[in-house]
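> Got a predicted structure here, sequence first:
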Amino acid sequence: MAKRVLLSWSSGKDSAWTLHVLRQQRDVEVVGLLTTFNEAVDRVAMHAVRHALVDAQASAAGLPLWPVLLPWPCSNADYEQRMSAVIGRARDEGITHVAFGDLFLEDVRNYRIRQMSGTGIEPLFPLWGTPADTPNLARRMLEGGLRAVLTCVDPRQLPEPFVGRPYDAALLADLPPGVDPCGERGEFHTFCFGGPMFAFEIAVQVGETVSRDGFCFADLVPDTSVVNSHCRNADPVTFASAHRASGPCPGGRRRGVRRGARARRAARVGAHVPSREPVGRPLRGSALPPGARAHGAGRRAGYEWAIGTIGGPL
């Protein structure tokens with residue numbers, strides 16, 4: 001009997017690669033993508049990715065999105081109530097497993113297992129390994145055609161200029177010693193916009209970059225200058241820098257917005273953010289709540305479940 005799997009989806013590269021791996025298994029049917037959002041700003045926590053872009057990922061993957069909207073601030077009790085409801089729905093619809101893209105953090109894995117215990121639904125960890133496995137995993141992802149961009153950086157572990165860069169071989173070569181090439185310890189988080197798990201690439205631009213509550217975020221916006229042809233052979237996603245002449249990013253410190261050279265390396269076509277869209281403002285409220293900061297970049301077990309990261313920041 002085939003496993004009916006709901007995939008915990010953070011919008012990042014590891015959850016996207018997990019989808020690709022699961023689809024290679026004959027006894028697995030992936031039936032949906034489960035994502036938690038901060039309902040106050042309608043974004044994925046830590047990744048700070050807009051809901052509309054996650055909708056685009058689900059469309060490209062050919063799967064329904066199961067959004068779970070969390071209040072802001074969100075207590076553990078609020079979180080557990082809302083997640084209990086969605087897991088109950090999953091069980092009623094015959095889902096047998098929830099898959100996670102965790103790589104090697106035992107505390108996170110153990111937390112998942114405890115949370116799923118007694119629900120009638122089993123956890124899966126298709127990418128699970130050791131820290132020694134992630135360099136090869138990163139290379140396999142890139143060789144397999146995965147395309148992603150860094151949306152969040154923890155500057156205590158990785159310099160701020162890395163935010164907004166494409167996740168590629170050049171970035172892996174530039175990572176400082178001690179930084180995991182998959183960012184598994186919370187060094188960085190990504191948005192996946194292309195790869196073998198998608199039927200078409202998602203056109204995005206890098207907008208404002210802001211620093212808030214100890215983290216640096218790059219705001220991704222849909223690139224309206226590109227029309228997706230909904231096929232893998234389409235012209236690549238426009239991955240462009242956004243130049244705005246109208247002062248600093250609202251609500252945050254503007255840094256390193258001009259990325260023309262990097263953008264040209266990442267795509268054939270460049271474009272600007274549509275005029276007057278306040279790309280930085282929606283990041284307001286996307287930071288970690290009090291009490292979560294002790295867990296680094298939201299990557300440790302416990303409170304990350306209450307800030308919209310069921311899939312873990314990937």
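Good, I have the coordinates.

> For residue 163, give its distance to residue 208.
Relative to residue 208, residue 163 is positioned 11 Å away (criterion: Cβ to Cβ, to the nearest Å). Placement of C-beta: from N, CA and C, glycine included.

> Between the two, which contacts overlap?
In the contact map built from Cβ atoms under 8 Å, 6 or more residues apart in numbering, the residues linked to both residue 163 and residue 208 are residue 218.

> ok now stretch 4-16, how far from the chain's centre?
Taking Cα atoms, centre = their mean, to the nearest Å, one finds the center of stretch 4-16 at 9 Å from the center of the full chain.

> Give me the mean pLDDT for it.
Mean pLDDT, stretch 4-16: 97.

> what distance separates the start and the end of that stretch?
The distance separating the two terminal residues of stretch 4-16, taken as Cα to Cα, to the nearest Å, comes to 17 Å.

> likewise stretch 33-51?
By Cα to Cα, one end of stretch 33-51 lies 13 Å from the other end.

> Now it: average pLDDT?
Averaging pLDDT residue by residue across stretch 33-51 gives 89.

> Just the buried residues of it, please?
Of the residues in stretch 33-51, those buried by neighbour count under the rule 16 or more other Cβ atoms under 10 Å are 33-39, 41-51.

> Show me the beta-bridge partners of residue 123.
On DSSP bridges, the residues paired with residue 123 through beta bridges are residue 98.

> tally of neighbours for it?
Neighbourhood size, residue 123 [other Cβ atoms under 10 Å]: 18.

> Please apply the same query to residue 132.
Residue crowding around residue 132 was assessed by other Cβ under 10 Å; the count is 8.

> what about it, distance to residue 104?
Relative to residue 104, residue 132 is positioned 9 Å away (Cβ to Cβ).

> and if you look at residue 82?
28 Å.

> same check, this time on residue 195
When distance is defined by Cβ to Cβ, residue 195 is 22 Å away from residue 104.

> what's the closest non-adjacent residue to residue 120?
The shortest distance from residue 120 to any residue that is not its chain neighbour, by Cβ to Cβ, 6 or more residues apart in numbering, is 5.2 Å, and that residue is residue 91.

> That neighbour reaches residue 118, doesn't it?
No: if you go by Cβ atoms under 8 Å, residue 91 and residue 118 don't touch, sitting 11.2 Å apart.

> These two - which one has more neighbours?
With other Cβ under 10 Å as the criterion, residue 91 and residue 118 differ in neighbour count, and residue 91 comes out ahead with 13 against 7.

> Name the SS class of the more buried one, please.
Here residue 91 is recorded as helix under DSSP: H, G, I helix; E, B strand; the rest coil.

> Roughly how far does it sit from residue 55?
As it turns out, when the distance is counted by Cβ to Cβ, residue 91 lies 25 Å from residue 55.
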